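> Here is my input; please provide its structure:
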Amino acid sequence: MNLYFLVEGKTEGKVYPQWLEHLLPVDFSRINNASQASKNNYYLISGGGYPSILDNHLRNAVEEVNEYGNYDWLILVIDADDITAQSKIKEVEQFIINENIVLNSNCHLHVVAQKYCIETWFLGNCKVYPRNTDGSDFLSYAQFYDVSQQDPEGMNKPAWFNNGSVSIYHENYLRKMLAEKNIRYSKANPNGVGEKYYLDQLQKRVKETSHLSSLKSLFNFCESISAQNLS
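Next up, the predicted model:
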């Protein structure tokens, strides 16, 4: 089985390979060129953000998959931002229809819609949530919404935040939260969040609560790949 991942941004391009090392079967390996796929390989490329991931890179990915003919799944990873994950998936499906993009019959499309963004998922690690926020830069964030107890995917942005979208607020929240643990996070250098200990905590959160449903869809997909690989 071979997988082709088209992810939205640079952060995903760094973190997903770290996660897939643990989420995919142990005999899967990453390849550096889409043409190299043979058995139990995955290829991963960043689409450079929205809307270029749809306007340019999705079409290119489909052309490559169709040309090589040995991929079983094309996985598109895209931010849902201010709409629901399901609405984003429908938007992608409608875009494919409107643009007459046709994937060969041997390959299936799976869309992972990150609600709101990948930083929203990273907020789900309760172990790194600060317990004492008095006098810290994180205090106003903690007072607005406690992501250790409430679903990070349900967090909007406060009225006082005027520096951008909900997704940008979630990124700021994450930076402040991780800084309390002396972890310096940026989109270009997403330190810590790709490590197995961090992934383990996210899996625990998804398993024990109804939170982070869009992240659960990624975990479920990887579990299904493992099951298919064993059959």
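> Low-confidence regions, the chain specifically.
Residue ranges of the chain with pLDDT under 70: 230-231.
> what about the helices in it?
With helices called from DSSP state H, the chain shows them at 10-23, 52, 59-68, 85-98, 118-122, 139-144, 166-179, 196-208, 213-230.
> Pick the most deeply packed of those helices.
For those, the largest average neighbour count (mean count of other C-beta atoms under 10 Å) is found in helix 118-122, namely a mean of 25. Heads up, the C-betas are built off the backbone N, CA and C, glycines and all.
> So which residue of the chain lies furthest out from the middle?
No residue in the chain sits farther from the centre than residue 135, which is 32.4 Å out by C-alpha atoms, centre = their mean.
> Residue 196 versus that residue, what's the distance?
33 Å (C-beta to C-beta, to the nearest Å).
> which residues touch residue 152?
Residue 152 sits next to 120-121, 123-124, 170, 211-212 when contact means C-beta atoms under 8 Å, 6 or more residues apart in numbering.
> whoops, I mixed them up, residue 151
Residue 151 neighbours (C-beta under 8 Å, 6+ apart): 209-212.
> out of those, which is most surrounded?
Sorting those by how many neighbours each has (other C-beta atoms under 10 Å) puts residue 212 first, at 23 neighbours.
> I'd guessed it sits against residue 150; true?
No - proximity of residue 212 to residue 150 does not meet the contact threshold set by C-beta atoms under 8 Å, at 11.2 Å.
> With adjacent residues omitted, what lies nearest to residue 9?
residue 49 (5.3 Å; C-beta to C-beta, 6 or more residues apart in numbering).
> how close does the one you found get to residue 70?
Distance from residue 49 to residue 70, counting by C-beta to C-beta: 28 Å.
> Equivalent analysis for residue 177, please.
Distance from residue 177 to residue 70, by C-beta to C-beta: 42 Å.
> same thing with residue 102?
17 Å.
> For stretch 104-120, buried residues please.
107, 109-120 (16 or more other C-beta atoms under 10 Å).
> so how many other residues sit close to the nearest residue to residue 180 once chain neighbours are set aside?
The shortest distance from residue 180 to any non-neighbouring residue, by C-beta to C-beta, 6+ apart, is to residue 130 (4.0 Å). Neighbourhood size, residue 130 [other C-beta under 10 Å]: 18.
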